[in-house]
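Student: After the sequence you'll find the predicted model.
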Amino acid sequence: SIICTAGRLVFWVVWSLTQVSFVLSGFGYIKKANDFSRGCNVEWLKVETSQNFNSVTAHWNIRLANLWLKNCVYQRVETAGRKFFIFPNAKSLGNFLTKVTSAVWHGWFPGYFLAFLSLGLGNWTETVVRARLHPWLPKRFLHSHLAAFLGWLHTWMSLNFFFAPFLLLTWEKSMQISHSLFWWAHIYHFAVIAVLMMLPTKRTDKKNE
């Protein structure tokens with residue numbers, strides 16, 4: 001986990017230098033917002049303190065994830081899925097194809113595909129947790145510091161395992177690190193999904209929320 005966290009420092013440095021060049025050249029200025037944030041591509045503190053994978057992707061590679069992938073891939077696939085009924089869950093299809101597109105955009109190394117598809121598994125887990133587990137938990141707990149810490153620990157540990165192949169790139173090295181750690185994160189996520197899917201669905205009264 002420490003090594004993967006350190007590996008992300010390279011991206012922090014490169015993107016920070018890019019942002020500086022945007023500001024100095026004048027391209028980073030956004031008139032409507034009256035700031036120089038156009039060249040900002042990462043909010044590293046929010047990434048490292050994220051309590052879920054959606055927050056990670058929202059603050060990592062912002063220009064790619066929030067602009068191109070979100071608008072040109074995810075939203076269009078979701079709309080097409082709902083319109084033509086090509087998939088029972090349009091959001092899941094959009095999420096899956098967005099992860100595949102991101103992997104292809106980075107390059108044809110197996111490590112990219114393993115990393116982004118694993119990230120999709122993390123999104124699936126959190127969707128199931130919100131739908132199946134959250135309704136059974138007291139709101140006081142969901143908004144507590146303990147819940148925030150558990151969410152961060154879950155995200156940070158899983159992210160570092162899932163993104164080890166992103167740094168290793170090759171299939172052999174990715175399999176070596178995954179086997180050495182017994183695929184714990186994947187087993188953990190599949191186990192959480194399997195257990196929570198057996199929970200009965202609790203209906204929430206929106207009037208009391």
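Tutor: Yes, it's here.
Student: Need the single longest helix in this structure, by residues.
Tutor: Counting by DSSP state H, the longest helix found in the chain is helix 2-25.
Student: Tell me the buried residues in that helix?
Tutor: If you call a residue buried by 16 or more other C-beta atoms under 10 Å, then helix 2-25 has these buried ones: C4, R8, W15, T18, Q19, F22, V23. Every C-beta, even on glycine, is put in place using the N, C-alpha and C of the backbone.
Student: neighbours around the nearest residue to the last one once chain neighbours are set aside, how many?
Tutor: It stands for V23. Closest residue to V23 apart from its sequence neighbours, by C-beta to C-beta, 6 or more residues apart in numbering: F36 at 4.6 Å. Neighbourhood size, F36 [other C-beta atoms under 10 Å]: 17.
Student: and what of V77?
Tutor: 21.
Student: Tell me who's in contact with the closest residue to it other than its chain neighbours.
Tutor: Nearest non-adjacent residue to V77, counting by C-beta to C-beta, 6+ apart: G94, 4.1 Å away. By C-beta atoms under 8 Å, 6 or more residues apart in numbering, the contact set of G94 is V73, Y74, Q75, V77, E78, G81.
Student: picking up where we left off before, what's next to the longest helix of the chain, contact-wise?
Tutor: Helix 2-25 is contacted from outside by 28-29, 36, 38-42, 44, 47-48, 159-161, 163-164, 167, using C-beta under 8 Å, 6+ apart.
Student: Kindly write the PyMOL command that selects the buried subset of the residues you listed.
Tutor: Per 16+ other C-beta under 10 Å, the buried members of the contacts of helix 2-25 correspond to this PyMOL selection:
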select buried, resi 28+36+39+40+41+42+44+47+48+159+160+161+163+164+167
